[in-house]
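Participant: Model the following, please.
(chains A, B, C and D)
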Amino acid sequence: MHDLVAITALGGSEPRVDTTGTVTCSEVPGVALASVAARLGREKKAAKALAKLIGTPAPAIGRFEGAPVAAFWTGPDQWMVEAPFDSHEDLAEQAKAALGDTASVSEQTDAWVRFDLSGADVLAVLELLCPLDARKMEEGDAAGTPIHHLGCFVLCRAPEAFSIYGPRSSAGSLNHAILAAMTSAL
Amino acid sequence: MTQGNRLSGGQIDRNTTLNFKFDNRSYTAHPGDTLASALLANNVRLIGRSFKYHRPRGLLTAGSEEPNGIVELRTGNRQEPNTRATTIEMFDGLEARSQNRWPSLKFDALAINDRFSNFLTAGFYYKTFMWPAAFWEKLYEPMIRRAAGLGSLSMQEDPDEYDKGFRHCDLLIIGAGPAGLMAALTAGRAGADVILADEDFALGGRLNSESFALNDGTAADWAAQAVAELSALPNVRLMPRTTVIGAFDHGIYGAVERTGDHLASLPAGKPRQILWRIYTKRSLLCAGATERPIAFENNDRPGIMLASALRTYANRFATTAAQRVAVFTNNDDGHRTAADLHAKGVKIAAVIDVRPDAPINHDYEVLRGAQVSDTKGRLGLSFVEIALADGSTRVLECGALGVSGGWNPNVHLTCHQRGRPVWNDDLAAFVPGTDLPPGLSVAGAANGAFSTHGALRSGAESAMKALDLKGSLPDLPAAEDAPASQTPFWYVQGCSRAWLDQQNDVTVKDVKLSHQEGFRSVEHLKRYTTLGMATDQGKTSNMGGLAIMAELAGKSIPETGTTIFRPPYTPVPIATFAGRMKGKEFHPTRLTPSHYWAKERGAVFVEVGNWLRAQWFPLPGETHWRESVDREVRQTRASVGVCDCTTLGKIDVQGSDAAAFLNRIYCNGFAKLAVGKTRYGLMLREDGMVMDDGTAARLAEDHFVVTTTTANAVGVYRHMEFVRQCLFPDMDVQLISTTEAWAQYAVAGPNSRKLLQKIVDPEFDISNEGFPFMACGNITVCGGLRARLFRISFSGELAFEIAVPSRYGDALMRRLMAEGEEFNVVPYGTEALGVMRIEKGHAAGNELNGTTTALNLGMGRMVSKKKDSIGSTLSEREGLNEPDALMMVGIKPVSQTDKITAGGHLMNATGPVDAAHDQGYATSAAFSPALDCHIGLGLLKNGGARMGEKMRLVSPVTDLTVEVEIVSAHFVDPEGERLRA
Amino acid sequence: MIIDHPLLGPRDSSEFVYLGDASLIDRPDWQAENAAEAFYDYAYLRDNPAGEHRELWFHESGDRSWLVVTRNTMTHEISKVELARDVARAQGRSK
Amino acid sequence: MRYSGFKVIKEALTGHKGWKPAWRDPEPKAQYDVVVIGGGGHGLATAHYLAKVYGQRNVAVIEKGWIGGGNVGRNTTIIRSNYLLDGNEPFYEFSLKLWEGLEQDLNYNAMVSQRGIINLIHSDAQRDAFTRRGNAMILNGADAELLDAEQVRKEYPYLNFNDARFPIKGGLMQRRGGTVRHDAVAWGYARSADSHGVDIIQNCEVTGFRIEDGKCLGVETSKGFIGAGKVGCAVAGNSGRVMGMADIRLPIESHVLQAFVSEGLKPVLPGVITFGAGHFYVSQSDKGGLVFGGDIDGYNTYAQRGNLPVVEDVCEGGMALMPMIGRARLLRMWGGIMDMSMDGSPIIDRTPVEGLYFNGGWCYGGFKATPASGYCFAHLLARNEPHPTATAYRLDRFRTGRMIDEKGAGNQPNLH
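Facilitator: Below is the predicted model:
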């Protein structure tokens, strides 16, 4: 086991948590990610292999499925696989093993920062952040969207509970935007 | 004096008293007041001065169409110029000042302009101030500029926050008057997702201004009930204090919500305003109508107002502009004002009606067939002179005159996508045309349904139609249904100094002059006279100007033109459009994985695109940046240095056609690159210019990692997706950016291998034999952490780039520094990086400037003719391959101490120094510790053949001329022995 | 503007990056006899119509699909949105 | 009629009875020596110089709407000659010199106001590029000064020097740059051309060209056929549409550029400022409005209106650069159709059709070019060869690979 100590995207040793009113924003470093893109002509096989990996059919457009290993749709025949970091730090290898030559897999764990946003008034915060109609999002919906010029993914985990994935290098800017929206809306 | 002009009733809260100041005098008001109504209540009629003639100005209206009553609101860094008193919601402690006057509102020195008005006619400035030529900029223009403008900025940073937001709905209803409320009730009860927005703080529109009944109660009561019902519907969102400012493409509306303007101060972090982008399936414009004035001689005195505004002030705000009021009208609506004021106890001097058959009234005098021929009163109206039907003249004493020339539908938003309103003869007004923004329909007075019943009915019908609701109309409250026909009366014959645009001082006379000089189209008229260009955008003036122009041209109004409107509906603070994107948050900031460590080390950072990168790492005692940079370069070249190069773009290219794909993307060949090897790649745009350069490392038969320059990472990825999806859709290739996933550090210098051997796990052989120049591979470090190693060099030294997952980047950097201590390892920043690449003669951003070809950069032979790649065909054009084409060269000063200036131009050693003799230019320059002098890279005509030539590097803009020698661009280790060591 | 993405439905145009005329899909054959002229025409000349225009948009803040959008340059009305990859294949482009 | 202060006073004292229309409103003749399509700044300037400098009086300008209704009446009024490349700089410097003598030439006060234009620098690479540009300007006979951050602060203390995301590191100043009252340019040229006998025909739309044996004989219009020895096309954003009638495809796309004006304010900005780290440039008009703009919307369009994202982008730039304008209100926004060329530089050249000449591809730099564009187009029409300062503006330069690409953006018009 290597002896390098990780820091979170916001630069701390512990994830940052902020609460304003009913809404809490938590930095979530404990997640491993790998992108999966089906090879040309192997789309169906790739979807099947992915289904096996996540234990449920490969997510349709705009959806995410599976637990503890889940996947969300990111593009035509492309998905992002998501799993707990502690148990799946080598997620990309696992995914590659599962998908074989039906898909290209890339490690994406540290390409992203994840913030979980939850609470009764979360919609009032989201409407200050992105053009998605979050009111219409249901559990299991996932969508790409810009937030303050950053390309992000928004996932609806449950009513009043969302995850936002943004580019890791801009974690500070994204966090600032979310906290400012929370102060403004709540 | 305390609110001497207050009347009974109204929708103000008399239980609470608010204090405010205007021009440093204290007054009182009540919640529910606007600044305008409060000033009237306190008998203040004079509020400002006009733009050109500095004529005294009072309120004309009670709404956002106000041209005259504009003030500087608040103080200090919240000073807000040109704010319409009619839309300022009263709060305790409000401070406002009049503007465009000196030394005071009552005694304004520039009022002298009014005496010279005969010289200052429309467009006079185009005809004069030309002699002598030099005087325009030295004397005339400064004079004009000093007089220009109305209010003042504080010149300080706006301290408030602004937000932007996004809302979606099935139906956006714009305006909450009778039509809007009825539409919202209809749509809301049907379960539709509705937003109802209104610029006012009180929903109800004109219902709040009228005295007539709806059903059994007052109009305002019905409005309040409707609002209460709507508030209880979960599918209806009410947005008071929200102005829909523009109708943009595909059902997107811009709306500004004033969340904080009615507050004395904002809670921390709360926005003053929010710019909403509202995405609509359908929208309904219920913006009502605006009363239009009549032009007559001296019709601009404070106290002369729109009749409907007088009525609003009386009924809604319980105030009057004066105790003795006259009304000048061409329609029945003007009589309503007289009746309402009379009912509130205001003395009606007379109703002057141009119609010989005007209705009479037993409570006050009606002068039928009469017209106002002039007015008097220095700082406010005191007398009106009336031409009676029998030709005689009569003078009436009054402090206010209500003017009603009929109503214009508020069609503004229907024009935002270049739609043109159409003329309606019955109404003698423009109504919305047929080319409306898609999805928008219009109801109520905005669509010409002027009666209350008509507006309610049209609101309900339009909502049903917009949502495709079946069934019968909902029950409508019983309301007045007066006929809406209007006979136009634009101006009193013979008038001359009769104002159309009161803020910009455009009179009937100016329109006549405009016509006389050939400026006859509506656009010429507006531009020549400035009619309608003031802060009110001509809401009350454009129609009058157009009507007069039509009469002069002997054409009908619609033949003469239409008045169309552009966004925004009312002016919007610039800060509102910017939202949070200001100061440090203007753009997102990207931090490298070693950022926090570098900050601890005291690094100086520099913006590179959105990234912050360490520029250099000063040590205690170093007083000049060059000391730090020179040290970093020397130490790296002497032993080993580490630089965070995570910012370079990284793209995973995978698939069975990955190599074939890269062969198309790069002008040089990639098909035969062995697994475990890296190759430099040059990417052209289709026009043959160099787009970017970088390396591609083949990690597996079907897997490459491509690097791009920091600046072009996003563009190159987009380009590659274009090539993949649009040009070669059947290639089996998959792309994804991994820039942020990996922390990547250059470890450079003769001891770089030794340093790396201390952290790379022992099973990986990184010796020169086991891991030669341009090798690459997956490895592990520090006891099993997955990593990637590339043996590539930008500095020209023996060098590697090592990558680990970003979260471990901080720890890896600390480990490299700790393990490197024995080698005297040095962290280096972008400056040292730049110095070393110039010493090595590597092209970078300054050379890859979008206008250089591979040939220019000395890499012409890399462009393979044996295969198809983007840009290869067009790179062969003659103009890009001329014998004297620019070629990259090195530049050295002849005198060791001279400085090379990037951006200097190269001239022959002798001969003229001018553009015609330009030979090229220096692209980059730096002090080279290796050569102990300044060096540069440059692009020189036929540069390849001019080695050793002495030239002049001239930079007149920095006042430098230096004798230089043209040398090879490879200053350091030209044979490349070090990097292969 | 709103672009009705064939996979994702209506999305704000600010999520997209514009390139230009969809004729950019029709990249000439580099080995053709008139390749120089054909590439000049391809890279530089445009119909630039006042009316219906087929054009390329990249869904940069979304699913990274290139789209061919048929849009009226007078009214901005969008009548058709297709995946560029499908269009390219239909036009005979392969590898 | 000559305009002067004296004349203004005389008319004021005699009831303004003597003012005549600034230009006549003639019916088109059957045949002209030269017909210029487009009554915008460039077309009217062409007519003025054709008549005044090149002695061609049998000239008509035909305009589908009202003159000055296109980009000359909807721009941010900036003039400058701060160009980099040899193909451009002499031309724009020629233009600036013509601006400097414009009032006297036209007897019309277009309020040429040389209050200086500064391009701000925010990075070392930008400083290198602006050094090269400043040198190119001086070597071409123009003026340029490279300022450091302190010098910029001295002139504009209220720019964001405190918490800027991209700090200001200096600026390239051209003191002879400035602004001009845009409408007056169209009117001044029109009045002058008219006084030299040029027919300005408004509300006359070109519907086609009459071309026989590869030679252009005149134009079909909504007012009938108008014969012409030579036809010059100067229609900016409508270039594609009009030249399409002659079956000529152009290296041009039409895009919308939005511009903005604030409410009138007491003077705050003496000169023109261009942000180097965002899309924003601004000046203040003689009436007090802040006149500002930014980038084009970026998609092909002929609709003279834009959308919110660019409005926001421009205002974000404004707030980032000078946060003291936050409480100034944006009063009006409008859009003009830009003839965006494939290298960002214009074309003034013959066409494959004999007797048909083309002037276009001005991108969003057409206003400042108005005098030189008119002069050089007049030269080309009169002499059938390019004016010495416009020799690089050839239609075939893309075929031969001699692009004039100031930005280095390549063949993508919306990036220029």
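Participant: and B:M1, what pLDDT?
Facilitator: At B:M1, the model reports a pLDDT of 48.
Participant: before we move on, what about B:F519?
Facilitator: 96.
Participant: Nearest spatial neighbour of the residue in the stretch 51-200 of chain D that chain A sits nearest to, chain-adjacent residues omitted?
Facilitator: Nearest residue of the stretch 51-200 of chain D to chain A (C-beta to the nearest C-beta) works out as D:R165 at 10.2 Å. Every residue, glycine included, has its C-beta placed from N, CA and C. Computed as C-beta to C-beta, 6 or more residues apart in numbering or on different chains, the closest residue to D:R165 that is not its neighbour in sequence is B:F586, at 4.0 Å.
Participant: What spatial separation is found between that neighbour and D:L120?
Facilitator: 14 Å (C-beta to C-beta, to the nearest Å).
Participant: The two: who's more crowded?
Facilitator: Looking at B:F586 and D:L120 with other C-beta atoms under 10 Å in any protein chain shown, you find the greater number of neighbours at D:L120, namely 27 against 23.
Participant: Other residues contacting the longest helix seen in chain C?
Facilitator: Criterion DSSP state H: the longest helix present in chain C is helix C:35-44. Helix C:35-44 is contacted from outside by B:686-687, B:873-874, B:876-877, C:23-24, C:26-30, C:32, D:251, D:342, D:398-399, D:411, using C-beta atoms under 8 Å, 6 or more residues apart in numbering or on different chains.
Participant: Just the buried subset of the residues you listed, please.
Facilitator: B:686-687, B:873-874, B:876-877, C:24, C:26-28, C:30, D:251, D:342, D:398-399, D:411 (16 or more other C-beta atoms under 10 Å in any protein chain shown).
Participant: Residue 63: what's it in contact with?
Facilitator: No chain specified, so I'll use chain A. A:F72, A:W73, A:G140, A:D141, A:A142.
Participant: other chain: chain C
Facilitator: A:W73, A:T74, A:G75, A:P76, A:Q78, A:G144, C:H5, C:L7, C:L8.
Participant: Tell me which two in those are the farthest apart.
Facilitator: Of all pairs drawn from the contacts of C:D63, the greatest distance, 14.7 Å, lies between A:Q78 and C:H5 (C-beta to C-beta).
Participant: The contacts of helix C:35-44 in strands, which ones?
Facilitator: Among the contacts of helix C:35-44, no residue falls in strands (DSSP state E).
Participant: Residue ranges in chain B under the pLDDT threshold?
Facilitator: Scanning chain B for pLDDT under 70 picks out B:1.
Participant: Select the longest helix from it.
Facilitator: Assigned via DSSP H, chain B shows its longest helix as helix B:452-467.
Participant: what comes up buried for that one?
Facilitator: Going by 16+ other C-beta under 10 Å, helix B:452-467 has these buried residues: B:452-464, B:466-467.
Participant: And the strands in the stretch 201-350 of chain B, which stretches?
Facilitator: B:213-214, B:217-218, B:236-239, B:242-248, B:252-257, B:271-285, B:289-291, B:304-306, B:324-329, B:347-353 (DSSP state E, counting those that start in this stretch).
Participant: Quick check: which of those is buried the most?
Facilitator: Burial of these is given as mean neighbour count (mean count of other C-beta atoms under 10 Å in any protein chain shown); strand B:304-306 ranks first at a mean of 29.
Participant: If you count contacts, what does it end up packed against?
Facilitator: Contacts defined by 3 or more C-beta pairs under 8 Å, 6 or more residues apart in numbering or on different chains; DSSP states H and E place strand B:304-306 against strand B:400-404.
Participant: residues making contact with the strand it packs on?
Facilitator: Outside strand B:400-404, the residues touching it (C-beta under 8 Å, 6+ apart) are B:45, B:291, B:293-294, B:299, B:303-311, B:320-322, B:324-331, B:333-334, B:337-338, B:341, B:372, B:375, B:381, B:384.
Participant: re the thing from before, reformat the contacts of C:D63 as a markdown table; add secondary structure and pLDDT.
Facilitator: Output for the contacts of C:D63, formatted as a markdown table (DSSP: H, G, I helix; E, B strand; the rest coil; pLDDT from 0 to 100):
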| residue | secondary structure | pLDDT |
| --- | --- | --- |
| A:W73 | strand | 98 |
| A:T74 | strand | 97 |
| A:G75 | strand | 97 |
| A:P76 | coil | 97 |
| A:Q78 | strand | 98 |
| A:G144 | strand | 95 |
| C:H5 | strand | 98 |
| C:L7 | coil | 97 |
| C:L8 | coil | 96 |
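Participant: and the residue of the stretch 51-200 of chain D closest to chain A, what is it in contact with?
Facilitator: B:G583, B:K584, B:E585, B:F586, B:H587, B:T589, B:E607, D:A277, D:A320.
Participant: dump the residue contacts of the first one.
Facilitator: Spelled out, it's B:G583. Contacts of B:G583 (C-beta under 8 Å, 6+ apart): D:N160, D:D163, D:A164, D:R165, D:A320, D:P323.
Participant: Equivalent analysis for the fourth one, please.
Facilitator: Contact criterion C-beta under 8 Å, 6+ apart gives D:A164, D:R165, D:F166, D:A277, D:G278, D:E316, D:G317, D:M319, D:A320 as the residues in contact with B:F586.
Participant: Among those, which lie within helices?
Facilitator: Using DSSP H, the members of the contacts of B:F586 that fall within helices are D:E316, D:G317, D:M319, D:A320.
Participant: on that earlier part again, now for B:F586 and D:L120: what residues contact both?
Facilitator: Common neighbours of B:F586 and D:L120, using C-beta under 8 Å, 6+ apart, are D:A277.
Participant: Based on its surroundings, how many neighbours for the residue of the stretch 401-550 of chain B found nearest chain C?
Facilitator: Nearest to chain C in the stretch 401-550 of chain B, going by C-beta to the nearest C-beta, is B:P438, at a distance of 7.0 Å. Here the number of neighbours of B:P438 (other C-beta under 10 Å) works out to 15.
Participant: in the stretch 51-200 of chain D, what residue is nearest chain B?
Facilitator: Using C-beta to the nearest C-beta, the point where the stretch 51-200 of chain D gets nearest to chain B is D:T131, with a distance of 2.7 Å.
Participant: Give me the phi and psi for B:F124.
Facilitator: Dihedral angles of B:F124 (phi, psi; degrees, to the nearest 10) stand at phi -60, psi -30.
Participant: Equivalent analysis for B:F116, please.
Facilitator: Per degrees, to the nearest 10, the backbone of B:F116 is at phi -100, psi 20.
Participant: All the helices of the stretch 301-416 of chain D, residue numbers only.
Facilitator: Ranges of helices within the stretch 301-416 of chain D are D:308-321, D:366-383, D:397-400, based on DSSP state H, counting those that start in this stretch.
Participant: same check, this time on chain C
Facilitator: With DSSP H as the criterion, chain C has helices spanning C:35-44, C:84-90.
Participant: just chain A next, same as before
Facilitator: Using DSSP H, helices in chain A cover A:43-54, A:85-88, A:91-99, A:122-126, A:171-185.
Participant: before we move on, the earlier item: show me which of the buried residues of helix B:452-467 is closest to chain A.
Facilitator: Using C-beta to the nearest C-beta, those come closest to chain A at B:L467, 17.6 Å.
Participant: what's near enough to touch the closest one?
Facilitator: B:L467 neighbours (C-beta under 8 Å, 6+ apart): B:D170, B:L171, B:A187, B:A190, B:A192, B:R282.
Participant: Sweet, I'm off.
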